[in-house]
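Participant: For reference, the sequence and a predicted model appear below.
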Amino acid sequence: MAAPRADRRDAPPPGPPASSELAGMTAAELARAYERRELSPVEATRAALDAIEARNPELNAFVLVGEDVAVRAAAESQARWAAGTQRGPADGVPTTVKDLDRTAGWPTLRGSWLVDDPGPWREDSPGVARLREAGAVLLGKTTTPEFGWKGVTDSPRFGITRSPWDPALTPGGSSGGSAAAVAAGMGTWSIGTDGGGSVRVPAAFTGTVGFKPTGDLVPAYPPGGNGPLSHRGPITLSVLDAALLLDVISRPDVRDWAAPPPRDGSFAAGIEAGVKGLSIGYSPNLGYGRNDPEVEALVAEAVHVLAGMGARVSEVGPIFDDPVEAFQTMWCAGLARTLRPYGPDDLARVDPAMLEYAEKGRGITAVAYLDAVAVCADLGHRMARFHETYDVLVIPTVPTVAFEAGVDGPTPERSRVWASWTPYTYPFNMTRQPALSVPCGLTRAGLPAGLQIVGPRHADARVLRVGRAYERHTGWSPVAEAARTRAARTRRTPKTRKGQPT
């Protein structure tokens with residue numbers, strides 16, 4: 001499905017054409033190029049818009065593209081860079097926003113036919129407001145499953161979103177549109193939401209970086225539908241970019257009463273300190289998961305790399321039992337609350353599987369919910385004791401690679417409960433710890449796998465430091481490699497407006 005484009009009236013005249021080679025550039029690289037006058041925000045924005053025009057009809061990662069808004073914002077950013085009044089490293093960076101976050105001037109439809117509001121849409125969510133203040137160029141809104149309810153990205157309203165690595169496969173979810181956009185060069189970075197892995201799962205499936213920060217670090221308004229499980233975080237091309245984007249979106253907002261006070265310094269400060277001397281606990285499966293052998297081997301090799309860089313790595317046994325039942329209790333209750341305002345006629349238009357989850361949630365008592373919260377507290381205690389010994393925990397992000405698009409799980413039995421195939425992500429929503437997914441290699445079929453790095457609450461900078469050390473040591477980005485390959489093909493063949501080769 002092609003994304004609709006916002007009204008293009010009053011758009012400024014076209015600027016110079018942008019090169020497809022820009023698709024693999026990180027935000028940090030763009031900022032350096034802007035400062036040196038080697039590249040302009042208008043060129044970078046046009047490159048992203050060209051990529052959207054070429055690839056989105058096949059991938060379906062956008063629900064709306066605001067070309068006129070983006071080009072005007074890019075021209076304003078270009079003027080600031082020329083005058084030396086730029087607002088920081090986010091100024092002029094082509095950016096997308098998951099369609100669960102409010103954006104002034106654009107609708108927020110949440111993948112659902114239940115959202116039937118003609119507007120006007122006057123309010124930004126906190127992260128979007130901070131991005132505008134920082135000078136980022138907003139390109140448009142990315143796809144989500146209905147109300148972000150599951151770990152893949154398709155919805156009754158906008159259809160199926162597909163992976164840039166292979167359009168037959170899912171990019172994961174629920175921030176699958178954001179991850180697909182970043183991986184395909186359709187924007188340099190994005191804000192995603194994560195209630196059980198929804199930033200980290202699509203990052204692992206698309207070879208991007210996804211960071212779920214400590215709970216409440218990134219202000220949210222309105223609050224997430226799943227209460228304490230809900231987080232917001234960056235999806236980027238590099239760990240350094242994740243730190244830079246987190247600097248922006250973690251700034252306080254009075255609408256979120258639980259957000260922490262302002263933080264001094266940058267999450268990028270100290271990010272290059274390496275891992276020498278750090279104590280890393282490595283668990284292949286948390287004691288209860290089952291991994292694809294290739295994923296397990298790639299993660300084990302990544303752990304070997306960290307040990308070779310001077311980290312003290314120990315393989316650890318089970319830390320806790322699978323908390324999936326408590327997670328499901330909280331998740332289903334949250335979905336029931338989301339759908340509570342709607343009547344039978346409205347609910348007939350809802351994703352049937354989501355409705356099934358919500359119906360289970362309606363039967364959950366307050367006591368059962370508080371029992372699940374008690375499980376979260378016990379998990380948090382166990383992990384706090386774990387981190388008395390280990391600076392971080394490393395595990396696979398997901399035990400598998402991307403599977404068929406349009407289904408809810410890799411096998412029929414795992415489609416009924418989506419959390420059954422993401423056993424390593426949702427526990428850290430329950431404990432509200434920072435958790436980072438970084439790409440750690442490709443399978444023989446050429447699909448990316450993810451390494452997950454988990455730290456104690458409020459140790460976000462430490463988690464980013466470990467991810468950055470691995471990233472720099474390997475010197476490899478699957479998305480950048482793919483972008484270079486596409487650019488080389490483009491130079492050898494006539495330009496086409498159809499989808500680029502995967």
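Facilitator: Structure received. It should be emphasised that the depicted structure is a prediction, and the values quoted were computed from it without experimental measurement. Numbers count the residues shown, from 1 in each chain.
Participant: where along the stretch 101-250 of the chain do the strands fall?
Facilitator: Secondary structure of the stretch 101-250 of the chain by DSSP state E, counting those that start in this stretch: the strands cover 137-142, 154-155, 159-160, 189-194, 209-212, 231-236.
Participant: Between those, which one is closest to Val401.
Facilitator: Closest approach to Val401 among the strands of the stretch 101-250 of the chain (C-beta to C-beta): strand 209-212, 15.1 Å. (Glycine included, C-beta is placed from N, CA and C.)
Participant: and that closest one, which strands flank it?
Facilitator: Strand pairing for strand 209-212, using DSSP bridges, gives strand 231-236 (antiparallel), strand 435-442 (antiparallel).
Participant: Tell me which of those strands sits most buried.
Facilitator: strand 231-236 (a mean of 31; mean count of other C-beta atoms under 10 Å).
Participant: so how far is it from its chain's centroid?
Facilitator: Centre-to-centre, strand 231-236 and its host chain are 5 Å apart (C-alpha atoms, centre = their mean, to the nearest Å).
Participant: can you check stretch 178-187 too?
Facilitator: On C-alpha atoms, centre = their mean, the centre of stretch 178-187 falls 10 Å from the chain's centre.
Participant: Check stretch 403-419 too.
Facilitator: Between the mean C-alpha location of stretch 403-419 and the chain-wide mean there is a distance of 20 Å, by C-alpha atoms, centre = their mean.
Participant: same check, this time on stretch 176-185
Facilitator: Centre-to-centre, stretch 176-185 and its host chain are 9 Å apart (C-alpha atoms, centre = their mean).
Participant: List of residues touching the helix ranked longest in the chain?
Facilitator: Identified as the longest helix of the chain according to DSSP state H is helix 366-386. Here helix 366-386 makes contact (C-beta atoms under 8 Å, 6 or more residues apart in numbering) with 228, 281, 316, 319-320, 323, 325-327, 329-330, 333, 393, 427, 430-433, 454, 456-457.
Participant: The residues you listed in strands, which ones?
Facilitator: Among the contacts of helix 366-386, DSSP state E puts Gly281, Leu393, Val454 in strands.
Participant: With only the CA atoms kept, save stretch 212-231 in CSV.
Facilitator: What follows is stretch 212-231 as a C-alpha-only set of coordinates in CSV (Å, rounded to 0.1, in the frame of the first residue of the first chain):
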residue,chain,number,x,y,z
LYS,A,212,14.5,0.5,25.1
PRO,A,213,15.7,2.9,27.8
THR,A,214,15.0,2.7,31.6
GLY,A,215,11.3,3.0,32.3
ASP,A,216,10.0,6.6,32.3
LEU,A,217,13.3,8.0,31.0
VAL,A,218,11.5,9.1,27.8
PRO,A,219,8.4,11.1,28.7
ALA,A,220,5.1,9.9,27.2
TYR,A,221,1.8,11.6,26.7
PRO,A,222,-0.8,10.3,26.5
PRO,A,223,0.4,7.4,28.7
GLY,A,224,1.0,4.1,27.0
GLY,A,225,-2.0,1.8,26.9
ASN,A,226,-0.1,-1.0,28.8
GLY,A,227,0.8,1.0,31.9
PRO,A,228,4.2,0.2,33.4
LEU,A,229,5.2,-2.0,30.4
SER,A,230,5.2,0.9,28.0
HIS,A,231,8.4,2.5,26.9
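Participant: and that stretch, which residues are buried?
Facilitator: Within stretch 212-231, the residues that qualify as buried are 212-221, 224-226, 228-231, counting by 16 or more other C-beta atoms under 10 Å.
Participant: Ok, stretch 391-405 next?
Facilitator: So, applying 16+ other C-beta under 10 Å, buried residues of stretch 391-405: 391-403, 405.
Participant: Since that was my last question, I'll sign off now.
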